[in-house]
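> could you work out the structure for the sequence below:
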Amino acid sequence: MFSSFINLIDRLGGGIAGVLNLIGGLALVALIPSFAWLVFGRYVLNETPTWVEQISLILIVLITFPVAAAGMRDNSHLSVSFFRDALPPRIAAIVAAISYAAMAWFGYWMLMGGMDLVAFNWAKQMPIIHISDGWRSVPMAVCGAGITFYSLVHILKIITRWKTISNASLYHDDLLNEDIE
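Numbering: from 1, shown residues only. Below you'll find the predicted structure:
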C-alpha cells in the first residue's frame, strides 16, 4: 500500500518535472531571439533595445531554477557519488538518505528565502518592463519547493525499496526505480 502511494507520488513528481523542464526550455528558446534582437538593434539599427536586459534576467532564472529542481528528481544534478556507490549497498543507501535529507533542508530554506524575496520585492516594479520585481524570485521559491519535494520522495523510495537495495551487489540510483524490482 505504502509502496504504491510512493509510486503515485513519484509519477506525479515526474509530471511536475516535465513541466519544470518545459518552462526552462521555453525560457531558453525565448532568450535566444531576445539577444539576437539586442545585437541587431545595437549594431545594425544603432539603437540598443533596453528591455532585453530586464527580460533576460527573468529568463535566466526561469532557465536555471526550475530545471535545477527537475534535476533533483532525475538525479541529473551535479553530484559526486563515486565514494557513496563504492560502499556496501545498505551503508550507501543510508549515506544517500542523509544526503537527500540535507538537500531537503537546503530546499526548504531556499523556498523560505525565495518567498521572503517575493514578498519584499512585490511592490517594486522592474524598470522599463513595469512588472513586479518579485517575479524574479518566484522561480527560486519554486526550485526550493521542488528540491524539498524530490529529496523527500527519494528518501521514501529508499525506505520502501530497502529490500531491493539490501539484495543488490552495488548501490546505484536506479535501484530506487520501481521497474528494477
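> what separation do you get for the nearest residue to Ala69 once chain neighbours are set aside and Lys163?
With CB to CB, 6 or more residues apart in numbering as the criterion, Ala69 has its nearest non-adjacent residue at 2.7 Å, and that residue is Gly146. (Glycine included, C-beta is placed from N, CA and C.) Counting by CB to CB, to the nearest Å, the gap from Gly146 to Lys163 is 28 Å.
> run through the neighbouring helices and strands of whichever strand or helix holds Asn7.
Secondary structure assigned from DSSP states H and E places Asn7 in helix 2-43. Helices and strands touching helix 2-43, by 3 or more CB pairs under 8 Å, 6 or more residues apart in numbering; DSSP states H and E, are helix 51-74, helix 138-160.
> re earlier: which of Gly146 and Lys163 has more residues huddled nearby?
Each of Gly146 and Lys163 has its neighbours counted (other CB atoms under 10 Å); Gly146 has more, 26 against 9.
> and the more buried one, how far from Leu8?
18 Å.
> Phe40 now?
49 Å.
> same deal with Val19?
Counting by CB to CB, the gap from Val19 to Leu8 is 17 Å.
> now do Ala145
In terms of CB to CB, Ala145 sits 19 Å off from Leu8.
> check Trp109 too.
Trp109 is 28 Å from Leu8, by CB to CB.
> what pLDDT does Asp179 get?
Looking at Asp179, its pLDDT stands at 53.
> can we start the residue count at 57 from this point?
With 57 as the first residue, the last one maps to Asp235.
> who's in contact with the residue nearest the centre of the chain?
Centroid-nearest residue in the chain: Ala125, 0.9 Å away (criterion: CA atoms, centre = their mean). By CB atoms under 8 Å, 6 or more residues apart in numbering, the contact list for Ala125 reads Ala73, Leu76, Val198, Cys199, Gly200, Ala201, Gly202, Ile203, Tyr206.
> tell me where the model's unsure across the protein.
57, 234-237 (pLDDT under 70).
> ok, and what's touching stretch 172-180?
Ser188, Asp189, Gly190, Arg192, Ser193, Val194, Met196, Ala197.
> dump it to PDB, keeping only the CA atoms.
What follows is stretch 172-180, C-alpha atoms only, in PDB (Å, rounded to 0.1, in the frame of the first residue of the first chain):
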ATOM      1  CA  ASP A 172      10.600  36.300   1.500                       C
ATOM      2  CA  LEU A 173      12.300  37.900  -1.500                       C
ATOM      3  CA  VAL A 174       9.000  37.700  -3.500                       C
ATOM      4  CA  ALA A 175       7.100  39.400  -0.600                       C
ATOM      5  CA  PHE A 176       9.800  42.000  -0.200                       C
ATOM      6  CA  ASN A 177      10.100  42.900  -3.900                       C
ATOM      7  CA  TRP A 178       6.500  42.500  -4.900                       C
ATOM      8  CA  ALA A 179       5.600  46.200  -4.500                       C
ATOM      9  CA  LYS A 180       8.600  47.300  -6.600                       C
END
